[in-house]
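> Could you look at this predicted model? Sequence included:
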Amino acid sequence: MIKKTKKLHLSRACLVGLGFFFVGLGFLGIFLPLLPTTPFLLLAAGLFARSSPRFYNWLLNHKWLGSYIRNYREKKGIPLKTRIITIIILWIVIAHSAFFIVTNPIWRLVLILIACGVSLHVATLSNKNPSPNS
């Protein structure tokens with residue numbers, strides 16, 4: 001019985017640890033254009049749901065991060081302003097990398113193609129209608 005309890009605590013601790021790891025990656029994704037925010041936060045929410053209701057509720061009700069999960073779950077989309085800012089930052093970072101850091105023309109092309117694909121994806125996401133109170 002003791003071994004089973006220790007295994008249960010260890011597996012919960014691992015799930016919580018992984019959850020916070022993915023919360024960290026999701027948070028970084030807010031600022032780094034090529035790192036996706038929502039998938040990492042969704043993964044963290046799933047890990048927390050299986051291991052800690054307290055951390056799951058914390059993530060869903062978090063001032064900055066909770067909206068990513070709620071908007072995804074409710075299929076609300078993202079505001080136009082956020083999409084525009086995302087695409088602008090994406091192209092600034094990709095252009096800087098492609099033309100000032102990467103010297104191989106093939107990798108430059110790969111970066112530009114990635115930016116085109118991500119831009120197309122972000123541009124085609126559904127619009128979040130602003131609420132009348134905002």
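Thanks, I have the structure now.
> can I see the domain layout of this protein?
As given by automatic domain parsing, the domain ranges for the chain are 2-73, 80-123.
> Reformat those as TSV; add mean neighbour count and mean pLDDT.
Where you see a C-beta, it was placed from the backbone N, CA and C, and this is true even at glycine. Output for the domains of the chain, formatted as TSV (neighbours: other Cβ atoms under 10 Å; pLDDT from 0 to 100):
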stretch	mean neighbour count	mean pLDDT
domain 2-73	15	86
domain 80-123	14	89
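> any idea how far residue 113 lies from residue 107?
11 Å (Cβ to Cβ, to the nearest Å).
> try residue 101
Noted for residue 101: a distance of 10 Å to residue 107, by Cβ to Cβ.
> nearest spatial neighbour of residue 26, skipping sequence neighbours?
What sits nearest to residue 26 in space, not counting adjacent residues and going by Cβ to Cβ, 6 or more residues apart in numbering, is residue 40, at 3.6 Å.
> Which other helices and strands does the host helix or strand of the one you found contact?
Counting by DSSP states H and E, the element that carries residue 40 is helix 38-51. When contacts are defined as 3 or more Cβ pairs under 8 Å, 6 or more residues apart in numbering; DSSP states H and E, helix 38-51 packs onto helix 2-31, helix 53-60, helix 66-73.
> and residue 126, which of these is closest to it?
Closest to residue 126 of the helices and strands packed on helix 38-51 is helix 66-73 (Cβ to Cβ; 9.8 Å).
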